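K.L.:
sequence isn't available, so here's the structure alone:
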């Protein structure tokens, strides 16, 4: 694990030291891809949260109906 971390730090250091157009373009594309994936994950999480809230609300309604029918 330490070796992997050290290798990653070395790679980032090498990228950081380069200041050419290709490197800047690649880092820009990686950043855009990262944020695109991040936004997609956020949207999916929000959709799932809304679906869960709707399920909880429906379950509460069913519980009330069952309780009313038992009484």
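P.N.:
Here it is on my side, so go on. Remember, predicted model here, so these are calculated numbers, not experimental data.

K.L.:
quick check: longest helix of the chain.
P.N.:
For the chain, the helix that runs over the most residues, judged by DSSP state H, is helix 21-70.

K.L.:
now that helix: mean pLDDT?
P.N.:
The pLDDT scores in helix 21-70 average 90.

K.L.:
which residues touch the residue positioned nearest the centre of the chain?
P.N.:
Among the residues of the chain, the one closest to the centroid is residue 41, at 3.6 Å (CA atoms, centre = their mean). Residue 41 is in contact with no residue at all, counting by CB atoms under 8 Å, 6 or more residues apart in numbering. C-beta here means a position set from N, CA and C on the backbone, and glycine is covered the same way.

K.L.:
roughly how far apart are it and residue 54?
P.N.:
Between residue 41 and residue 54 the distance is 21 Å, computed by CB to CB, to the nearest Å.

K.L.:
how many residues are close by residue 28?
P.N.:
10 (other CB atoms under 10 Å).

K.L.:
any idea how far it lies from residue 17?
P.N.:
The gap separating residue 28 from residue 17 is 17 Å, by CB to CB.

K.L.:
just residue 41 next, same as before
P.N.:
From residue 41 across to residue 17, the span is 31 Å (CB to CB).

K.L.:
also residue 37?
P.N.:
The value you get for residue 37 to residue 17, if CB to CB is used, is 27 Å.

K.L.:
can you check residue 47 too?
P.N.:
From residue 47 across to residue 17, the span is 42 Å (CB to CB).

K.L.:
counting neighbours, what do you get for residue 56?
P.N.:
Neighbours around residue 56, by other CB under 10 Å: 10.

K.L.:
so how far is residue 50 from it?
P.N.:
For residue 56, the distance to residue 50 - CB to CB - is 11 Å.

K.L.:
residue 42 now?
P.N.:
Per CB to CB, residue 42 is found 13 Å from residue 50.
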